[in-house]
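**Student:** build me a model:
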Amino acid sequence: MNIARYLDSTYLKTPLQSGLSEGETLQKDKELAQEAIENGVFAVMIRPDYVSEIKKYLQEKKSDVAVGTVIGFHEGTYTVDQKLAEASKAIEDGADELDFVINYQAYLKGNLDTVQEEFVKCTQLCMQNDKVAKWIIEIAALADEQIADITKNISGWAEKHFSENELSRIFVKSSTGFFETVGGKPNGATFEGIKIMLDNAGKLPVKAAGGVRTPEDAEKMVNMGVKRIGTSSALALIKKQSSSEEY
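**Tutor:** Numbering: from 1, shown residues only. Got it, this is the predicted structure:
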């Protein structure tokens, strides 16, 4: 299995979170991009502030590595207009794929109309610009039946509002990797959570993100039906090594 083609190689820490400067963070993103070029990784996933520079870097290298970024990250509670503005800027800067954190807190409060509105409007923006939209549902914050329900809702909204050809560019994604759990509970993708997503995603592809740290786990995820894996351990997975990275 060529696992590299399933990977979104990820670096999402802000300078404040990492203790690095803006320039050092950009350099880290460039190193991530170069590693992706050299190892056939599908995409790099970075913060919006660095999209334009990394897109330019990849174009100068004549690389087809996709540039992904995150929207409404990591809490998901941005308003629809805020998410649209952030997404529009990312598209203008050259992002190929946009991973939105769905407003799962609104979902948990029963405000399904709010969640549907942001899904439809933000996905429309991506489809109109020929981009990929991925929707992070943050499974660590949800019970199993809620994972099933929100995934099924996203699938239904997608089939109602978008064409058959567009569905392959609308993903349901498991996790941000930044959700704080208690009692040692995983905050990323688990086999159990991913199976629930796959069982309820209908025609939409599923992305597993966070916690995929061994090549065996990565291959198992793909064999289950996952189309993409978000990881900060891309090189380790490609070299068939285990990683201690958190994401």
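
**Student:** Thr176 - that's part of a strand, no?
**Tutor:** No - counting by DSSP: H, G, I helix; E, B strand; the rest coil, one finds Thr176 to be coil, located in no strand.

**Student:** burial count for it?
**Tutor:** Around Thr176 there are 26 other residues, counting by other Cβ atoms under 10 Å. In short, each C-beta sits where N, CA and C put it, glycine included.

**Student:** wait, it touches His74, no?
**Tutor:** Yes - at 4.2 Å, Thr176 counts as touching His74 under the criterion of Cβ atoms under 8 Å.

**Student:** identify the contacts common to those two.
**Tutor:** Counting by Cβ atoms under 8 Å, 6 or more residues apart in numbering, the residues touching both Thr176 and His74 are Val101.

**Student:** can you map out the strands along the chain?
**Tutor:** Assigned by DSSP state E, the strands in the chain fall at 7-11, 43-46, 66-71, 97-101, 132-136, 170-173, 206-209, 228-231.

**Student:** can you lay out these as CSV showing mean neighbour count, mean pLDDT and distance to Ser163?
**Tutor:** Compiled in CSV, the strands of the chain are given as follows (neighbours: other Cβ atoms under 10 Å; pLDDT from 0 to 100; distance: least, Cβ to Cβ, whole Å):
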stretch, mean neighbour count, mean pLDDT, distance to Ser163
strand 7-11, 24, 98, 25
strand 43-46, 28, 98, 23
strand 66-71, 25, 98, 22
strand 97-101, 26, 98, 19
strand 132-136, 26, 98, 14
strand 170-173, 26, 98, 11
strand 206-209, 27, 98, 20
strand 228-231, 29, 98, 21
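
**Student:** any chance of TSV for those strands, columns distance to Gln124?
**Tutor:** Converted to TSV, the strands of the chain look like this (distance: least, Cβ to Cβ, whole Å):
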stretch	distance to Gln124
strand 7-11	23
strand 43-46	22
strand 66-71	14
strand 97-101	12
strand 132-136	9
strand 170-173	11
strand 206-209	20
strand 228-231	22
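
**Student:** quick one: closest of the ones you listed to Ile91.
**Tutor:** Across the strands of the chain, Ile91 has its closest neighbour in strand 97-101 (7.4 Å, Cβ to Cβ).
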